[in-house]
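Q: I'd like to go over a predicted model; first the sequence, then the structure.
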Amino acid sequence: MEGNDSPDMSTVSRHRFGDDLEEPAFSVSVIENMKEEYGLFVWPCSLVLAEYVWQQRLRFSGASVVELGAGTSLPGLVAARVGADVTLTDDSSRLEVLDNMRRVLDLNKLECKVMGLTWGAWDASTFSLHPKFILGADVLYDATAFDDLFATVTFLLQNSPGSVFITTYHNRSGHRLIEFLMVKWGLKCLKLLDAFSFMPSYKASGLRGNLQLAEIALDSEQAETTVLR
């Protein structure tokens, strides 16, 4: 990753993907702003999820992808680069974040849909989403928003049979709450990985903390009785 300060107090960081550090398959540039609260900074969980998308690129090529709470949108941008049809979303009230997404798309010459999506709120645009993959990097940091997040994820999973929610998060004290909410909303964990088990060494060396990646889907035995009850 490289960073260059620009006069407006933002920074453009470049993230490489590919087996060869000197000649990567491609790089993605992201506009970050340290003055913004949370939304315009590439957090470690975003780096982990973006790398996972790259490594799983054959799954994502040609697939419909929605990134929730996208912020700087690195995982969604990588999904677009490997051939996915991507919709980037963040809270509808965070206009500066949505506008930054559009600037980042222009910077990378990528075409993705940009949409305001507030967790736990429903409108026509939400009903129109039928993703094969739902991405969420570090969306499990505020326990007060967990129910709204899981309600939205569960709805999207139900709206697109066979779809999967892939999320990266710091394994903090709220982990048991996450497990409880999966049961509550009729979800099950298909895969749980430690980030350091698949991150390249040159990227892993800059990461700290207990970073996890989970693939989550509807639990067919519970979903019919728990979804949107």
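A: Now that the structure is in, tell me what you want to look at.
Q: Every contact and neighbour count from this point should use C-alpha atoms.
A: OK.
Q: gap between the residue nearest in space to the middle of the chain and residue 14?
A: With distances taken as C-alpha atoms, centre = their mean, the residue of the chain nearest its centroid is residue 136 (3.0 Å). Using C-alpha to C-alpha, to the nearest Å, residue 136 is found at 20 Å from residue 14.
Q: related to what we said a few turns ago, hang on, the residue nearest to the centre of the chain in a helix?
A: No. With DSSP: H, G, I helix; E, B strand; the rest coil as the criterion, residue 136 is assigned strand and is not in a helix.
Q: Settle this for me: it is touching residue 153, isn't it.
A: No. Judged on C-alpha atoms under 8 Å, residue 136 makes no contact with residue 153 at a distance of 9.6 Å.
Q: joint contacts of the two?
A: residue 165 (C-alpha atoms under 8 Å, 6 or more residues apart in numbering).
Q: Please name the nearest non-neighbouring residue to the residue nearest to the centre of the chain.
A: residue 167 (4.7 Å; C-alpha to C-alpha, 6 or more residues apart in numbering).
Q: Can you show me the CA trace of the helix or strand containing the one you found as PDB?
A: Applying DSSP states H and E as the criterion places residue 167 in strand 164-170. Extracted C-alpha coordinates of strand 164-170, given in PDB (Å, rounded to 0.1, in the frame of the first residue of the first chain):
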ATOM      1  CA  VAL A 164     -23.700 -15.800   1.100                       C
ATOM      2  CA  PHE A 165     -22.700 -13.000   3.500                       C
ATOM      3  CA  ILE A 166     -18.900 -12.700   3.800                       C
ATOM      4  CA  THR A 167     -17.700 -10.500   6.700                       C
ATOM      5  CA  THR A 168     -14.400  -9.700   8.400                       C
ATOM      6  CA  TYR A 169     -14.300  -8.400  11.900                       C
ATOM      7  CA  HIS A 170     -12.100  -8.000  15.000                       C
END
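Q: Show me what that strand is packed against.
A: Packing partners of strand 164-170 (3 or more C-alpha pairs under 8 Å, 6 or more residues apart in numbering; DSSP states H and E): helix 44-55, strand 133-137, helix 146-159, strand 211-218.
Q: counting contacts, what elements does the third one pack onto?
A: Using 3+ C-alpha pairs under 8 Å, 6+ apart as the contact definition, the elements that helix 146-159 packs against are strand 164-170, helix 175-184, strand 211-218.
Q: if we compare the ones you listed, which one ends up closest to residue 194?
A: strand 211-218 (4.8 Å; C-alpha to C-alpha).
Q: pLDDT of the closest one, averaged?
A: For strand 211-218, mean pLDDT is 96.
Q: Could you tell me which strands that strand is paired with, and in which direction each runs?
A: Each strand that pairs with strand 211-218, with its direction, by DSSP bridges: strand 164-170 (antiparallel), strand 187-194 (antiparallel).
Q: Using TSV, please lay out those strands together with mean neighbour count, distance to residue 52 and mean pLDDT.
A: Below are those laid out as TSV (neighbours: other C-alpha atoms under 10 Å; distance: least, C-alpha to C-alpha, whole Å; pLDDT from 0 to 100):
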stretch	mean neighbour count	distance to residue 52	mean pLDDT
strand 164-170	24	10	95
strand 187-194	16	10	95
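Q: Looking at these, spot the one closest to residue 181.
A: Counting by C-alpha to C-alpha, residue 181 lies closest to strand 187-194 out of the strands paired with strand 211-218; the figure is 8.2 Å.
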